[in-house]
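Trainee: any chance you can model this:
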Amino acid sequence: MTNSKPPLWRDHRFWQSAIQVLVLFLAVFIVLILWGNVRRNLQQLGIQFGFNFLKRQASFDIGETLINYKPTDAYNYALLVGLINSLRIAVMGIFLTTIVGITAGIARLSDNWLVRKISLVYIEIFRNTPLLLQLLFWYFAVFLSFPKADNKSSFLGLVNFSQNGIEFPWFTLSPEFSSLLLGLTFYTGAFIAEIVRGGIQSVPKGQAEAAKSLGLKPSLAMRLVIFPQALRVIIPPLTSQYLNLTKNSSLAIAIGYPDIYFVASTTFNQTGKALEVMLLIMITYLTLSLMISLTMNLFNRSVQIKER
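Mentor: Predicted coordinates for the structure are as follows:
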C-alpha cells in the first residue's frame with residue numbers, strides 16, 4: 001500500500017494559508033484605494049501633505065509640563081510634552097485603578113454585609129454614569145469648590161487642598177490632573193471590580209475549602225490560593241480595561257488637561273494639517289495600546305498553568 005498525499009485543494013492547511021494571503025492582499029488593496037482618494041482630494045483642495053510643519057514654532061503655551069517647554073519651541077516638542085502628560089496619567093491611572101478595582105472586587109464577596117453593600121453601591125454608581133460627567137463633577141464640584149490658595153485646607157499637615165490642586169511635601173498635583181486621575185480611576189475601577197469578582201468566583205470552591213482545612217486564614221487563603229488562580233480569568237478582560245483607560249484619557253480636553261490629544265487639537269487649529277495630526281494621534285494611541293497589550297499578554301502567559 002502506498003501513501004499518497006491528498007490533492008492540494010483538499011488540504012485544510014493550504015486553504016488556511018490561502019485565505020490569510022487573500023485577506024492581506026485585500027486589506028492592502030483597500031488601503032491603496034483610500035490613500036489614492038485622499039491624495040486626489042488634497043490636490044484638488046490645493047493642500048500639500050507633509051510633516052514639515054512639526055519643525056515650525058508652536059507659539060502656544062502648555063499649562064502643565066514635566067519637562068521644560070516654551071512657546072518658541074517647535075510643534076514636535078509640544079507634542080512630546082503632550083505625550084509625556086498622557087503617559088503620566090496612563091501609568092498612574094493603571095496603578096491606582098488596579099488597587100481600587102481589586103479592593104472593591106474582593107469587598108463584593110466579603111462576609112461583612114456593610115462592606116459588601118458599600119462596594120455594590122460604588123460599582124453601580126460609577127459604572128452606570130458617563131465618564132465625561134464624572135470628570136466634570138470632580139473638576140467643577142470638587143476641586144473648584146476648594147478654598148483659594150491663600151486659604152488652603154490641610155490634612156495632617158502633610159497634604160494641602162486648594163483650587164490650585166493637591167499639594168504634597170514633595171510635589172503638587174494640578175486640579176485638572178487630579179480630576180482626570182480620580183475620574184479615570186474610580187470609573188475604570190468599577191469595571192475591574194466586577195472582573196475581579198467574576199474571576200474569584202470562577203475558582204472551584206474546593207480550593208477555598210482545602211485552604212481552610214490547612215488552617216489558612218481567609219485573607220491568607222485569598223492571597224496565596226484563590227487570587228493567584230483567579231488571575232488566569234481576570235487578566236484578559238483586565239487588559240481591555242487598561243486599554244480603555246488609556247484611550248479614555250483623551251477626554252482630558254474637557255477639563256483642560258494638556259495631554260497629547262489636547263496639544264494635537266491646538267496644533268491642528270493653528271496649522272490646518274488635519275490629516276497629518278490625526279495620523280499622529282492614531283499612531284500614538286495605537287502604539288500605547290500595543291505596548292499595554294504586549295505587557296499584559298506576557299504577564300498572562302506567566303500565570304497560566306504549565307502542562308507537563
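Trainee: count the neighbours of the residue nearest to Ile255 when sequence neighbours are not counted for me.
Mentor: Nearest non-adjacent residue to Ile255, counting by C-beta to C-beta, 6 or more residues apart in numbering: Tyr139, 4.5 Å away. All C-beta spots, glycine's among them, are computed from the backbone N, C-alpha and C. Other residues near Tyr139 number 21, with proximity taken as other C-beta atoms under 10 Å.
Trainee: helix/strand/coil for Tyr139?
Mentor: helix (DSSP: H, G, I helix; E, B strand; the rest coil).
Trainee: and the helices in the stretch 1-150 of the chain?
Mentor: All helices of the stretch 1-150 of the chain, identified by DSSP state H, counting those that start in this stretch, fall at 12-45, 75-107, 113-127, 131-136.
Trainee: any idea how far Val38 is from the residue nearest to Val115 when sequence neighbours are not counted?
Mentor: Excluding its sequence neighbours, the residue lying closest to Val115 (C-beta to C-beta, 6+ apart) is Ala107, at 5.1 Å. Noted for Ala107: a distance of 51 Å to Val38, by C-beta to C-beta, to the nearest Å.
Trainee: between these two, who's got more neighbours?
Mentor: Shown here are Ala107 and Val38; by other C-beta under 10 Å, Ala107 has more neighbours (21 against 12).
Trainee: so what's that one up against?
Mentor: 115-116, 118-119, 193 (C-beta atoms under 8 Å, 6 or more residues apart in numbering).
Trainee: what domains does the record give for this protein?
Mentor: Using automatic domain parsing, the domain parsing of the chain gives 9-49, 51-303.
Trainee: can you redo the ones you listed as CSV with mean pLDDT?
Mentor: Formatted as CSV, those follow (pLDDT from 0 to 100):
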stretch, mean pLDDT
domain 9-49, 80
domain 51-303, 90
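Trainee: of the ones you listed, which stretch is the most buried?
Mentor: Neighbour counts (mean count of other C-beta atoms under 10 Å) averaged over each of the domains of the chain peak at domain 51-303, with a mean of 16.
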